[in-house]
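# Quick one, what's the 3D model for this:
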Amino acid sequence: MLKANVETFLGCDCPADVARTVLFGAPFDSTTSFRPGTRFGPSAIRHESFGVETYSPYQDRDLEDAHVLDVGDLELCFGSTEKALADIEAQADEILQAGKRPFLLGGEHLVTLGAMRAVAGRYPDLHVIHLDAHADLRDDYLGAELSHACVIRRCWELVGDGRIFQFGIRSGERAEFAWGRGHVTTQKFNLEGLDKTVEALKDKPVYFTLDLDVLDPSVFPGTGTPEAGGISFETLRTAITLICSKLNIVACDVNELAPTLDPSGVSTAVACKVVREMLLAFPDF
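Presented below is the predicted three-dimensional model:
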C-alpha cells in the first residue's frame, strides 16, 4: 500500500484523540550568541531516533505502548523573533487546549519562552525546573532582550520570585548570579538537592526545561556554547526520570542540540535517548 512519507520520533504516531503528550519541533536559532546550528536539532532528533530502540531497559517501558503524537516541526520566521515565539506559543496553547502535554524540541533555548507564555497563562501557580550549563538570566544580550542568554529572565517575568529552580549552572556573568540570588534558586555545578525540590513541588504544576549543554561536552559536544565540567549522561538520565515520574509536568522542552557540530552523531544519539526516557517516565505515558 502506498503511504505518505511522514517521519516521527521513534514511531510516535498515536491517534490525536488518545494522545497524552504531543511532540513538536521549533527549529529556530536566530539569537544564538556563539555557534549556530540548533535549528537543525529537532529534525535530527526525529530522523536519528530510528537508531534507538523503543524499549527502555532502564524503565522496562516501551514507546510502542505510549500515548504520544509527533506533529512535526513548525515553519518559523527567522527574520522575526517575536513572530517565531508567537507561533510556538500558539502551537503550545492549541495542545494545552486539547488537554494534552506539549513537549517542545528546540532549537535554541529561547524557544522555551514561546511555550512558557502559553503554559503560564493557563497555570497561575506554575513552577519551573531548569537544567542547564548557563544561568540565562541576563536582562539583555548586546541590547536584545529576546536572546537565548536571557530566556530564564524572561520566564521569571511570567512566574515571579521563588518559582524557578536551576541546576547544573556553571556559566554566567557576575551580574546574573547576583541578580539571581534574590529571585531564583540556583544549584551551581551539579544537581544536588534536586530530590528535595521534587518533593517540595510534587503538588504544583511544573514546566521542565532541559538545555542539553548541562551535560559535559565530552558526552555532548554537539552544542553551540559548550561548557567544560558538566554532568554525566547517567546523572542526567536519573534526574529526568525522577522529574518526569514524580512531578505534574504540564509542559516540557529539550533544546540546544546542534547536530552539525558533532559529525560523529553521538550528541544526537544522546538527545534521542534523553527524549525517549522523558516520554517513558511520565506516569500517563
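# How about stretch 206-224, which residues are buried there?
Within stretch 206-224, the residues scored as buried using 16 or more other C-beta atoms under 10 Å are 206-217, 219-224. No exception for glycine: its C-beta is placed from N, CA and C like everyone else's.
# In strands, which of those residues appear?
V206, Y207, F208, T209, L210, D211 (DSSP state E).
# Which residues are in contact with the fifth one?
The contact partners of L210, taken as C-beta atoms under 8 Å, 6 or more residues apart in numbering, are L131, D132, I240, C252, D253, V254, N255, V274, M278.
# residues in contact with the second one?
With contacts defined as C-beta under 8 Å, 6+ apart, D132 is in contact with H109, I152, Q166, F167, G168, I169, T209, L210, D211, D213, V214.
# Then the third one?
Contacts of I240 were listed using C-beta under 8 Å, 6+ apart, and they are L210, V274, E277, M278, A281.
# Can you tell me how far it is from R61?
Distance of I240 to R61, given as C-beta to C-beta, to the nearest Å: 14 Å.
# same question, the second one
Computed as C-beta to C-beta, the D132 to R61 distance reads 27 Å.
# Closest one of the ones in strands among the buried residues of stretch 206-224 to T185?
V206 (13.6 Å; C-beta to C-beta).
# who does the closest one bridge with?
H127, I249 (DSSP bridges).
# now do I169
K188.
# got a list of what it touches?
Counted by C-beta under 8 Å, 6+ apart, I169 has contacts D132, A133, H134, A135, T186, Q187, K188, F189.
# Can you get me a residue count around the nearest residue to the fourth one once chain neighbours are set aside?
Residue nearest to A135 in three dimensions, not counting chain neighbours: G172, with 3.5 Å by C-beta to C-beta, 6 or more residues apart in numbering. Residues contacting G172 under the criterion other C-beta atoms under 10 Å number 22.
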